[in-house]
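Chemist: Sequence plus predicted model, see below.
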Amino acid sequence: MSKVLSNTELANIADEFGTPVYVYDAEKIKEQYNKLITAFKNTDTVFFYACKALTNINILQYIKSLGPNVDCSSINEVKLALHAGFPPERILYTSNGIAFSEIEEAKDLGVIINIDSLSNLEKFGKKFGHSYPIGIRLRPNIMAGGHIKISTGHEKSKFGIPVEQTDQIISVVDKYNIYINDLHIHTGSEIENVDVFVKGIEVLFDIIPHFRELKVIDLGGGFKVPYQKDDTETDINLLAQKVNELFASHPNPGGRPLQVWFEPGKFLVSECGYFITKVNVIKETTAATFVSVDSGFNHLIRPMFYDAYHRIQNITNPGGAEKIYSVVGNICETDTFAWDRKLNEVREGDYLVFYNAGAYGFQMSSNYNSRLKPAEVFVENGKTKLIRQRDVFEDLLKNQII
Ligand code: LLP
């Protein structure tokens, strides 16, 4: 049985710390990580937690203690990972579209770097030659992922160097004798079908022989987790089996076994997270019964931005008769969390919980409408700890020059 926090535990947290509040359960993160290492126990695999999903230092430190490395998407995420205690060799910086100066900064910090443009590859080669191993992010021209906005490997995507430019990559690499340690692809988020990864590996198999110092192929993140009841997740056991089979039937031309890296974000932290809101107002109209909570897309933007489905439950009236509601926020824009959703009867003051709120929840929040960002609470070994205090009014003025 998968680990979940009970309604009572969640309601107690909301009573103690107020709403809106993000809550993260350590046990669930551990459960997910264990699934990964168990599935891949017979493969030389390293996991890098894609920390863009959730970067609270307490979460980074907890994940570090479990064992994975960390994948970053900006120099500041690299610095946060260092701050959390990850040594540079356990930090991967998969850059995209960044200024070369940021790549130089990452090199100075000693972290692993994936470069995603010919332009930065050229600059890197010119300046550093063979002295510092790097990875290359490729665009494999594969359409994958749960929504077009989170598909990153297709042929109109800005990410990576298109595979059809492999000749140009080779010529830059040869020109400067660049040390290519890994080839990277990340095709999207919420990839249910493991054959997408198989296709990615097959694309890479054609390119691998060109890089004689290659040690790693990095297949990015994107494992799907269940969002709805009875929803499925990526079958990682099947994926591990297919990865093993592929590598067994395509030995690396150099004769050296390649290590496989993955960068899971959602898989590790989506389900550990709960976002608790309080019902401000119930409004009966001919179109719908609107339930307005003390939040909006300033706190959880996924439903509005990606049409993402987040399960919602009324944890303070779980036995109430079921009715149909539209759950909306209090932002001065249309900020619908859910249309026509069946919930146990909702009363003003009830707590509504949004599930799967760990990944890209708080992390994508803002101060829009000059509202305050929520608090974050971490639950570990039965103890609750406030890991970010709720914004206060002064935070809105903090960087303004008056
Ligand atoms: N590696 C790279 C290079 C990535 O760009 C990403 C996510 C990941 C790993 C982790 O992907 P995951 O395992 O979390 O699916 N905000 C969107 C998701 C954007 C993902 C961006 N890149 C959402 O809330 O659905």
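Modeler: Here it is on my side, so go on.
Chemist: switch to C-alpha atoms for all contacts and neighbour counts from now on
Modeler: Will do.
Chemist: Around residue 78, how many other residues sit close by?
Modeler: Neighbours of residue 78 under the rule other Cα atoms under 10 Å: 23.
Chemist: ditto for residue 51
Modeler: For residue 51, using other Cα under 10 Å, the count is 29.
Chemist: Please apply the same query to residue 9.
Modeler: 15.
Chemist: before we move on, what SS does it have?
Modeler: Using DSSP: H, G, I helix; E, B strand; the rest coil, the structure places residue 9 in helix.
Chemist: Residue 240 too?
Modeler: helix.
Chemist: and it, what does it touch?
Modeler: By Cα atoms under 8 Å, 6 or more residues apart in numbering, the contact list for residue 240 reads 39-40, 43.
Chemist: cutoff 6 Å now
Modeler: Taking Cα atoms under 6 Å, 6 or more residues apart in numbering as the criterion, residue 240 is in contact with residue 40.
Chemist: Give me the distance between it and residue 283.
Modeler: Distance of residue 240 to residue 283, given as Cα to Cα, to the nearest Å: 50 Å.
Chemist: Ok, residue 10 next?
Modeler: From residue 10 to residue 283 the distance is 26 Å (Cα to Cα).
Chemist: more crowded one of those two?
Modeler: residue 10 (20 against 11).
Chemist: Name the nearest residue to the residue of the stretch 51-200 of the chain found nearest the ligand, sequence neighbours excluded.
Modeler: Using Cα to the nearest ligand atom, the single residue of the stretch 51-200 of the chain nearest to the ligand is residue 189, 3.6 Å away. Spatial nearest neighbour of residue 189, excluding adjacent residues (Cα to Cα, 6 or more residues apart in numbering): residue 222 at 3.9 Å.
Chemist: can you give me phi and psi for the one you found?
Modeler: phi 100, psi 10 (degrees, to the nearest 10).
Chemist: That one reaches residue 190, doesn't it?
Modeler: Yes - under the criterion of Cα atoms under 6 Å, residue 222 makes contact with residue 190 at 5.1 Å.
Chemist: Same drill for the two, tell me which one is more crowded.
Modeler: Neighbour totals were compared for residue 222 and residue 190, and residue 222 leads with 27 against 22 (other Cα under 10 Å).
Chemist: secondary structure element for the residue located most distally from the centre of the chain?
Modeler: Note on the chain: the largest C-alpha distance from the chain mean falls to residue 286, namely 39.0 Å (Cα atoms, centre = their mean). Assigned by DSSP states H and E, residue 286 belongs to neither a helix nor a strand.
Chemist: How confident is the prediction for it, by pLDDT?
Modeler: For residue 286, the model assigns a pLDDT of 96.
Chemist: So which other helices or strands are in contact with the longest strand along the chain?
Modeler: The longest strand of the chain (DSSP state E) is strand 273-284. With contacts defined as 3 or more Cα pairs under 6 Å, 6 or more residues apart in numbering; DSSP states H and E, strand 273-284 has these neighbours: strand 21-25, strand 289-293, strand 351-354.
Chemist: I'm done for today, thanks for sticking with me.
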